[in-house]
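> my questions are about this predicted structure, shown below with the sequence.
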Amino acid sequence: MIYIIRHGETDWNKQKIIQGSTNDIPLNSDGLEQAKKLASYFSNKKIELIISSPLKRAAQTSAEIANKNKVKVIYDKNFIEINYGNWSGKKSDKIPMLFPDEWKKFTEDPESFAFKNGESIKSLYHRVVSGFKKLNPGITTLIVTHTNPIRMIAAYVLNMSIFNAYKLHFENCGISTFVYKHNRWEVDSLNCKAI
């Protein structure tokens, strides 16, 4: 089984500011509390390995779980959030006004969209799926990552279009589970709460 978790809340999340691959954003007090609750939730579950995005907010979340459960963390850049380029640091509700042409292209065809001075969504998909394919289905693994990588994993497992994957929302510290059955990955749950 694979547990995939979105990191705990940050002030930027609270203020609806796009973080992307920005590395120096820590969890806020609510995010730390969420991570502690997650750690307690997983304390009676079998976790053999934790893989985390190395970005600070994910690393802090995975550290709480790892410390409570005495499990090693491996940091994997495949699970870093997308680089939003010029959108980074901007409030999400301002994007349609600040970048109207880009916003139109993004909402109409995200699969062929690339953020200016950032990353393409195709590139995100390929690196996340590359990381996911390396997982050993026989090892119960917990991954701490970000919204867009979780969307890409769901798209891959469900053979879903990236357009439809962008209709999925994941809360801070929401838990999604994937199980390996009949020689394939299946979705067991999406965006569940530990409490």
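Structure's in. What do you need? All values derive from a computational prediction rather than experimental measurement. Numbers count the residues shown, from 1 in each chain.

> show me what contacts Val173?
Not Val; residue 173 is Cys. Cys173 is in contact with 5-9, 31, 34-35, 37-38, 61, 193-194, counting by C-beta atoms under 8 Å, 6 or more residues apart in numbering. Using the backbone N, CA and C atoms, a C-beta is placed for each residue, glycine as well.

> sorry, wrong one. I was asking about Trp103.
Per C-beta under 8 Å, 6+ apart, neighbours of Trp103: 95-96.

> so what does the top strand by length along the chain touch, helix or strand wise?
Longest strand in the chain by number of residues (criterion: DSSP state E): strand 184-192. In terms of contacts (3 or more C-beta pairs under 8 Å, 6 or more residues apart in numbering; DSSP states H and E), strand 184-192 is packed against helix 147-158, strand 175-181.

> may I see the contacts of Cys173 arranged in JSON lines, with distance to Met152 and pLDDT as well?
Shown next, in JSON lines, are the contacts of Cys173 (distance: C-beta to C-beta, whole Å; pLDDT from 0 to 100):
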{"residue": "Ile5", "distance to Met152": "15", "pLDDT": "98"}
{"residue": "Arg6", "distance to Met152": "13", "pLDDT": "98"}
{"residue": "His7", "distance to Met152": "16", "pLDDT": "98"}
{"residue": "Gly8", "distance to Met152": "21", "pLDDT": "97"}
{"residue": "Glu9", "distance to Met152": "22", "pLDDT": "98"}
{"residue": "Gly31", "distance to Met152": "23", "pLDDT": "97"}
{"residue": "Gln34", "distance to Met152": "23", "pLDDT": "96"}
{"residue": "Ala35", "distance to Met152": "23", "pLDDT": "96"}
{"residue": "Lys37", "distance to Met152": "26", "pLDDT": "95"}
{"residue": "Leu38", "distance to Met152": "22", "pLDDT": "95"}
{"residue": "Thr61", "distance to Met152": "19", "pLDDT": "98"}
{"residue": "Lys193", "distance to Met152": "22", "pLDDT": "88"}
{"residue": "Ala194", "distance to Met152": "23", "pLDDT": "80"}
